[in-house]
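Asker: Below are the sequence and a predicted model; questions follow.
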Amino acid sequence: MSTAQEYVEAIFRRARIPLEPADYHPDWADQPLRHKAYSDASRLPLPPGPSEPQAQDARLGLESLAGMLRHSYGLISRRLQVNGNQDNADRTWLRTATWGRGTASGGGLYPAEIYWAAGPSGPVQPGLYHYSTPHHAMDRLLAGDVTGQVRAALGDGAGAAETDQFLLVSLKFWKNSFKYNSFCYHVVTMDLGALLATWQAWAGVAGVTLRSALWFDEPALDRLLGVDYRDESVFAVVPLPWIPGPARPGPVARQAADGSSPRVTKREFERSRTTLRFEMVEKVHESTIVAEAAHPELRLAEAHPAPSRPETILLPPPRAPGMTLGDALRHRHSSFGCFSAQPPLSLEKLGRLLAAGQAGQILNTDAREAGRGPSLGRLAVFANHVEGLPRGAYDYDAVAHALSPIAGEPPSPFLQWQYFLNNYNLEQAAAVITVVVRPAAVVSAIGDRGYRLVNAEVGAVAEAVYLAAAAAGASCGAALGFDNVSLAERLGLDGTDEWPALLLLVGNDRADRAGFEDLLVPAAGLGAGHSGPGTSGEPR
């Protein structure tokens with residue numbers, strides 16, 4: 001097996017064979033900042049942006065970009081709801097407050113960092129900027145046009161030649177590995193997909209097509225950002241179709257003192273006194289790095305056929321969403337321990353969430369255009385409390401929009417036995433949607449970097465279901481801590497190359513729960529001005 005395949009096997013079998021280091025315990029008093037901070041960077045405030053996606057001529061401008069960033073990764077609410085996590089008391093203090101965002105994240109840790117490479121046609125001086133999430137502002141890291149370096153790293157993929165505005169998305173491992181150690185890489189690559197899915201949805205409503213580049217010269221962009229790939233690395237580049245404004249001509253960014261290509265020399269402030277690297281994370285990351293813009297041709301062998309099950313249950317046609325995308329992003333949350341079996345979820349709503357998840361499974365990337373190419377995974381569902389649907393496990397047929405029963409033991413108490421934590425009562429969830437993937441097949445087809453693509457699409461499914469649940473007036477929660485082997489056996493996946501990768505709990509919340517939510521609306525031209533870490537045991 002390749003390095004990525006070995007890592008995936010270790011991840012999915014960790015309930016039986018613990019990951020190393022087995023004796024690791026997070027030092028919560030020394031955890032990293034939730035928001036990357038530069039001590040010597042000038043800051044450019046962003047406008048609040050529109051509350052709903054807007055664009056002009058199928059292109060973005062400063063206002064629409066600001067709205068997309070704020071609604072995806074900016075702080076849009078403070079959450080004080082009493083729930084099943086162990087941090088209820090901590091959330092009452094500003095220093096340990098929980099801040100709501102539009103995009104879900106594994107463990108509520110938000111390891112993605114967003115950089116804007118702005119060229120001469122943009123509304124700011126050409127340069128390289130970092131999005132400061134608590135301030136809804138841009139930190140200027142490098143003066144001068146660096147978009148030529150970005151284009152060179154991308155090659156001819158994802159429309160790089162058609163714009164001089166790019167978003168670079170990196171992942172900072174310590175923001176997750178301090179808690180999850182070797183499990184980190186599995187989580188953060190899903191976080192990447194959730195963020196890209198949010199941008200894709202926001203831009204799509206505005207009539208803008210975004211295509212993310214996942215294959216590019218990664219070391220070149222890491223050097224540009226001045227980061228060590230063992231700690232932080234660029235995982236995606238998004239060329240932005242842009243409304244050209246008055247040209248802001250300026251010099252190309254200056255070369256480094258040693259004559260090498262321009263690069264960021266400013267250093268971030270690291271809160272943790274002790275930072276660690278984990279051998280498994282470094283090893284799998286190194287195996288996925290490519291140093292050229294070679295776009296793969298994704299050809300997969302057919303998946304193992306599902307057993308013939310004639311008892312198909314047709315789902316009602318999905319209704320239109322009950323709220324706008326902007327409202328769904330502002331109200332998206334995880335329902336930690338707050339599910340209630342009563343009232344049950346309607347069969348139509350379950351179908352709506354399944355359809356949204358299946359549609360969200362295909363990101364628009366340089367590896368595969370959205371809506372085309374082979375599926376990297378599918379959905380199954382455990383039904384507990386769904387109107388008109390007997391309790392049990394089902395395969396979801398996206399083409400027929402139907403469910404096929406899978407024989408076996410009932411979901412309860414089986415699912416609870418397989419779950420590692422105590423912040424959810426899975427029996428009270430109306431249904432548990434399971435994302436089933438084929439990582440080994442993808443890695444065999446396009447190399448170890450394909451593992452990132454698989455997990456990015458899992459994260460995209462999670463974000464799509466979260467948003468569909470918010471729009472339908474239902475609740476959602478995601479779980480990665482479960483016995484993958486037991487669920488694979490229960491779903492009849494023995495002898496196949498498929499694995500259950502993520503659980504998405506959906507249903508209705510208790511009506512009597514205590515809580516308070518404060519939506520943050522930054523003033524024009526100013527950021528929210530709030531900062532503070534949240535604590536969580538599962539994706540938010």
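Answerer: Arrived safely.
Asker: make it CA atoms for all contacts and neighbour counts henceforth
Answerer: Fine.
Asker: Would you check how far apart residue 82 and residue 337 are?
Answerer: According to CA to CA, to the nearest Å, residue 82 and residue 337 sit 9 Å apart.
Asker: now the strands for the stretch 151-300 of the chain?
Answerer: Along the stretch 151-300 of the chain, counting by DSSP state E, counting those that start in this stretch, strands occupy 165-172, 232-239, 268-269.
Asker: Of those, which stretch is the most buried?
Answerer: For the strands of the stretch 151-300 of the chain, the largest average neighbour count (mean count of other CA atoms under 10 Å) is found in strand 232-239, namely a mean of 24.
Asker: and that strand, how far from the chain's centre?
Answerer: In terms of CA atoms, centre = their mean, to the nearest Å, the centre of strand 232-239 is set 13 Å apart from its chain centre.
Asker: Would you mind putting the CA coordinates of the strand or helix carrying residue 327 into CSV?
Answerer: Counting by DSSP states H and E, the element that carries residue 327 is helix 325-331. In CSV, the C-alpha atoms belonging to helix 325-331 read as follows (Å, rounded to 0.1, in the frame of the first residue of the first chain):
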residue,chain,number,x,y,z
LEU,A,325,-28.3,30.8,1.7
GLY,A,326,-27.1,33.8,3.7
ASP,A,327,-29.7,33.0,6.5
ALA,A,328,-28.7,29.4,6.4
LEU,A,329,-25.0,30.3,6.9
ARG,A,330,-25.9,32.6,9.7
HIS,A,331,-28.0,30.0,11.5
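Asker: Show me what the lengthiest strand in the chain pairs with in its sheet, parallel or antiparallel.
Answerer: Ordering each strand of the chain by length in residues (DSSP state E) puts strand 499-509 first. The partner list of strand 499-509 in its sheet, established with DSSP bridges, is strand 339-340 (antiparallel), strand 431-437 (antiparallel), strand 475-479 (antiparallel).
Asker: Which other helices and strands does the helix or strand following the first one contact?
Answerer: Counting by DSSP H and E, the next helix or strand C-terminal to strand 339-340 is helix 347-359. Under the contact criterion of 3 or more CA pairs under 8 Å, 6 or more residues apart in numbering; DSSP states H and E, the helices and strands touching helix 347-359 comprise strand 377-383, helix 450-471.
Asker: which residues sit against the first one?
Answerer: The list of residues contacting strand 377-383 from outside it, by CA atoms under 8 Å, 6 or more residues apart in numbering, reads 354, 357-358, 361, 389-396, 411, 430-438.
Asker: just checking, what packs against the helix holding residue 327?
Answerer: The helices and strands touching helix 325-331, judged by 3+ CA pairs under 8 Å, 6+ apart, are helix 62-72, helix 450-471.
Asker: hey, which of these is tucked in deepest?
Answerer: Here the criterion is mean neighbour count by mean count of other CA under 10 Å, and of these the winner is helix 450-471, at a mean of 28.
Asker: Quick check: mean pLDDT of that helix?
Answerer: Along helix 450-471, the predicted confidence averages to a pLDDT of 96.
Asker: what angle do it and strand 499-509 make?
Answerer: Inter-element angle recorded for helix 450-471 and strand 499-509: 10 degrees (by axes from the mean of the first three to the mean of the last three CA atoms, to 10 degrees).
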